[in-house]
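1. Based on what follows, work out the 3D shape:
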Amino acid sequence: MSSLQSSDAQFQFCFFRDAQALGPGWSSSPKLQIANMWKEDSGSYWCEAQTMASKVLRSRRSQINVHRVPVADVSLETQPPGGQVMEGDRLVLICSVAMGTGDITFLWYKGAIGLNLQTKTQRSLTAEYEIPTARESDAEQYYCVAENGYGPRPSGLVSITVRIPVSRPILMLRAPRAQAVVGDVLKLHCEVLRGSHPILYWFYHEDVVLGSSSAPSGGGASFNLSLTAEHSGNYSCEANNGLGAQRSEEVTLNFTGRHSTRNPLRSLPSPVPQEFPYLNSPTPGQLQPIYENVNVVSGHEVYSLVYYNQPEQESAAAETLRTHMEDQVSLDIYSRLRKANITDVDYEDAM
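-> A predicted model of the protein is given here:
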């Protein structure tokens, strides 16, 4: 070919691989550049030159074998970065290789045991797997695998945390008696049903902060308050885990100004509970009984509403004892509305 190129004659050139013309076909350029060689480009190459007189000259054939570069340094990254995503947001798992040629197959796995989520084959060093709406169940460890014919290469494990805003908290007030009085210690317990920890709880009386308590591992928190005459009124709590605050419904507590001089429940059998919750939510099944909204109804009349949850299983002897106790308590609490002189007798004496 060099002797042809050095002559004054004009030539047209064409390059071939396995009888297939390459590039633009016949041209005046004696060179053909292939920017990226792939394994599929392996084959037998030659060129032809055509003179102005239409005489065609052919070069010798050259065998070219293209070898793939094995994938290496497989990594898994997330979007948003850091592996933390808000519940309901989009999560993308990006699998990448530092080197590797040809078609690369990417696979994504969930959990250490490897639940295959998706497989993609493409001529690229990166590929993406998308979770359009992240859920709590998506919190897990993930990894990806890449291979291009030289064996699979896994990435390291990446932990995904799905951040969940707190739900509306439930506030429960626990007093040592059915009608709290000045001097009693009132326990305020605030808890959410859902929400990523840590959670910070604030307690309020008439929208004035009483104090705060944290729950580093989730769950609820409590605050103890020694009652004074100014502590009648509405109570609430607030939960916040940095993803938005939620406020509970208000719970109203009314109580007398002094301790009772006698306790009509003192002579009742021991199963009578010593702590009485005031709720802002449906009665939990494990609490029995529950006293709710113990208030003055109108004028000098006082009432107490009692819910009793029967255990799922109990012996015949326990059933007999419970029935007998219920009858006694019911006669005392439900028989009728009692009249009371509010100025001289506290609510417990009136019951």
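
2. contacts, neighbours, all on C-alpha from now
-> Noted.

3. Count the residues that sit near residue 170.
-> Using other CA atoms under 10 Å, residue 170 is surrounded by 24 other residues.

4. So it is in contact with residue 248, correct?
-> Yes. Taking CA atoms under 8 Å as the definition, residue 170 is a contact partner of residue 248 at 5.7 Å.

5. any common contacting residues for these two?
-> The contact sets of residue 170 and residue 248 overlap at residue 237 (CA atoms under 8 Å, 6 or more residues apart in numbering).

6. Look up the pLDDT of residue 258 for me, please.
-> As predicted, residue 258 sits at a pLDDT of 61.

7. correction: residue 27
-> pLDDT recorded at residue 27 is 88.

8. got any ranges where the stretch 251-351 of the chain has weak pLDDT?
-> 256-351 (pLDDT under 70).

9. now with 80?
-> Along the stretch 251-351 of the chain, segments meeting pLDDT under 80 span 255-351.

10. Which segments of the chain make up each domain?
-> 2-64, 72-163, 170-350 (automatic domain parsing).

11. Would you mind measuring the gap between the ends of the second one?
-> What it means is domain 72-163. Using CA to CA, to the nearest Å, one end of domain 72-163 lies 33 Å from the other.

12. isn't residue 254 right up against residue 233?
-> Yes. The pair residue 254 / residue 233 is scored as a contact, 6.3 Å apart, by CA under 8 Å.

13. With neighbour numbers in mind, choose between these two.
-> The residue with more neighbours, out of residue 254 and residue 233, is residue 254; 17 against 13, by other CA under 10 Å.

14. Which residue is the nearest non-sequential neighbour of the more buried one?
-> Of all residues not flanking residue 254 in the chain, residue 232 sits nearest, at 4.9 Å (CA to CA, 6 or more residues apart in numbering).

15. Surely that neighbour and residue 255 touch.
-> Yes. Residue 232 lies in contact with residue 255 (CA under 8 Å); the separation is 6.3 Å.

16. quick one: terminal-to-terminal distance for stretch 143-153?
-> Start-to-end span of stretch 143-153 (CA to CA) is 11 Å.

17. Contacts for that stretch next, please.
-> By CA under 8 Å, 6+ apart, stretch 143-153 touches 70-72, 74-76, 95, 97, 100-111, 154-158.

18. Flag every buried residue along it.
-> For stretch 143-153, a neighbour-count test (16 or more other CA atoms under 10 Å) marks 143-148, 152-153 as buried.

19. okay, those residues in TSV with pLDDT and distance to residue 209 next?
-> Compiled in TSV, the buried residues of stretch 143-153 are given as follows (pLDDT from 0 to 100; distance: CA to CA, whole Å):
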residue	pLDDT	distance to residue 209
143	97	47
144	97	50
145	97	53
146	97	56
147	96	60
148	93	63
152	94	59
153	95	57
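
20. May I ask which two of those residues are separated the most?
-> For those, the maximum inter-member distance is 17.5 Å, found between 143 and 148 (CA to CA).

21. Could you report the neighbour count for the residue nearest to residue 136 when sequence neighbours are not counted?
-> Nearest non-adjacent residue to residue 136, counting by CA to CA, 6+ apart: residue 162, 5.8 Å away. Each residue near residue 162 was counted by other CA under 10 Å, and the total is 22.

22. Contacts for the helix or strand where residue 162 lies next, please.
-> Taking DSSP states H and E as the criterion, residue 162 maps to strand 161-163. Residues external to strand 161-163 that are found in contact with it (CA under 8 Å, 6+ apart): 83-87, 134-136, 138-140, 195-196.
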